[in-house]
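Undergrad: Pasted the sequence and its predicted model underneath.
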Amino acid sequence: MNDAAMKLVVVGAAGRMGQTLIRLIHSIEGVRLHAAVERVGSPFVGKDAGEIAGLGPTGVIIGDDPLNAFLDAEGVLDFTSPAATVEFSGLAAQARIVHVIGTTGCSADDNTRIAAAARHARIVKSGNMSLGVNLLSVLAEQAARALDPADWDIEILEMHHKHKVDAPSGTALLFGEAAAKGRGIDLASKSVRVRDGHTGAREVGTIGFATLRGGSVIGEHSVLFAGEGEIVTLSHSAADRSIFARGAIKAALWARDKKPGLYSMLDVLGLSSS
Ligand SMILES: NC(=O)C1=CN([C@@H]2O[C@H](COP(=O)(O)OP(=O)(O)OC[C@H]3O[C@@H](n4cnc5c(N)ncnc54)[C@H](OP(=O)(O)O)[C@@H]3O)[C@@H](O)[C@H]2O)C=CC1
Ligand SMILES: O=C(O)C1=N[C@H](C(=O)O)C[C@H](O)C1
């Protein structure tokens, strides 16, 4: 065993992302699975995390006490739910460790509480941990800056599996924020998240969102710049959840020697412009 390897806790260990993370941690140098956590009362508590992830026994038994799991760890990988993530950020602050947050659907109040925890924890939070999406967000920002809002309408389309509980996706919102930044506008006041019935004509300068759900789709996103007689489309397809897990592990290793604070994947990937 490599003693210098970063000791990571996977919360939501039996979930779709939790299992993917456990398999990837097993195959990547420089990290090791320190503990695995599920909610109190989960049928997975007491089971071997490796068995649940399809690796065979690893000796790491899924527990339901996050603070105990965090105390001797160096980082937490968290793809759970907003309420759980807010709680974990407070515990990561107490333990003074790295908290990588992939959970989407957080409210403004959740984000305020996560930012407060980042006074003591090193938090990396992103609606999408993949290199491809983060690179594409930089391109979306550039395109939005270059294309006159009077002539080009921005629409963001996403499709995910039928189990997804939040909409628009974290990635769609990330693209929306990038496009809004490119245009120098505030996304919240310019976004159109629902259309139904007699909506009237499209308002100039707005950014529209459309959400599709079905089947087992891992994540499909398009940012459309619709002009008179032409459409420019930036798109990303996720074929495997390991792209998110690889990004999350990269983020944990990157944050290991950073000061407490709230960081994004653009910081991790060196793509941040401000
Ligand atoms: N940023 C990114 O790159 C990505 C983000 N995501 C996001 O990650 C989140 C999870 O996605 P996914 O893995 O598909 O969802 P799943 O529902 O498959 O997994 C979530 C897991 O977290 C567990 N959980 C919930 N609350 C707690 C708690 N308090 N303590 C411990 N465990 C808890 C759930 O248990 P139970 O079932 O008992 O509730 C479940 O096992 C979503 O918000 C999703 O949008 C997903 C992929 C990539
Ligand atoms: O819930 C998912 O599955 C995913 N969630 C993230 C999002 O909301 O964008 C990232 C990815 O698209 C998969």
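TA: That came through fine. Ligands and ions are numbered 1, 2, ... in the order given.

Undergrad: Near ligand 2, which residues of the stretch 151-274 of the chain are found?
TA: Residues of the stretch 151-274 of the chain lying near ligand 2 by C-beta under 6 Å from any ligand atom: 160, 164, 169-171, 219, 238. C-beta coordinates here come from the backbone N, C-alpha and C atoms, glycine included.

Undergrad: let's see 8 Å
TA: Contact residues (C-beta under 8 Å from any ligand atom) of the stretch 151-274 of the chain with ligand 2: 158, 160-161, 163-166, 168-174, 218-219, 221, 238, 241, 244.

Undergrad: Show the contacting residues for the spatially closest residue to Ala83 that is not a sequence neighbour.
TA: Sequence neighbours aside, Asp110 is the residue nearest to Ala83 in space, at 7.9 Å (criterion: C-beta to C-beta, 6 or more residues apart in numbering). With contact set as C-beta atoms under 8 Å, 6 or more residues apart in numbering, Asp110 has these partners: 82-83, 85-86.

Undergrad: which among the residues of the stretch 151-274 of the chain next to ligand 2 end up buried?
TA: Burial by neighbour count, 16 or more other C-beta atoms under 10 Å: within these this picks out 158, 160, 164, 166, 168-174, 219, 221, 238, 241, 244.

Undergrad: Mind picking the one among the contacts of Asp110 that's closest to Val76?
TA: Thr85 (9.9 Å; C-beta to C-beta).

Undergrad: ok, now which ones touch the closest one?
TA: By C-beta under 8 Å, 6+ apart, the neighbours of Thr85 are 78, 101, 103, 106, 110, 114.

Undergrad: what pLDDT does it get?
TA: The model reports Thr85 with a pLDDT of 98.

Undergrad: three-state assignment of it?
TA: helix (DSSP: H, G, I helix; E, B strand; the rest coil).

Undergrad: Would you mind listing the outside residues contacting the helix or strand hosting Gly176?
TA: In this structure, Gly176 sits in helix 170-183 according to DSSP states H and E. Residues outside helix 170-183 that contact it (C-beta under 8 Å, 6+ apart) are 104-105, 126-128, 133, 136-138, 140-146, 149, 154, 156-158, 168, 186-187, 190-191, 205, 207, 209, 211, 219, 221, 223, 236.

Undergrad: For whichever helix or strand comes after that helix, enumerate the helices and strands it packs against.
TA: Next helix or strand after helix 170-183 toward the C-terminus (DSSP H and E): helix 187-190. Here helix 187-190 touches helix 170-183, going by 3 or more C-beta pairs under 8 Å, 6 or more residues apart in numbering; DSSP states H and E.

Undergrad: tell me how far the helix it packs on is from the chain's mean position?
TA: With C-alpha atoms, centre = their mean, to the nearest Å as the basis, helix 170-183 stands 14 Å off its chain's centre.

Undergrad: picking up where we left off before, out of the contacts of helix 170-183, which end up buried?
TA: Among the contacts of helix 170-183, the ones that count as buried by 16+ other C-beta under 10 Å are 104-105, 126-128, 133, 136-138, 140-141, 143-144, 149, 154, 156-158, 168, 190-191, 207, 209, 211, 219, 221, 223, 236.

Undergrad: same for ligand 1: which of those are within range?
TA: Within the buried ones among the contacts of helix 170-183, those near ligand 1 by C-beta under 8 Å from any ligand atom are 104-105, 126-128, 133, 219.
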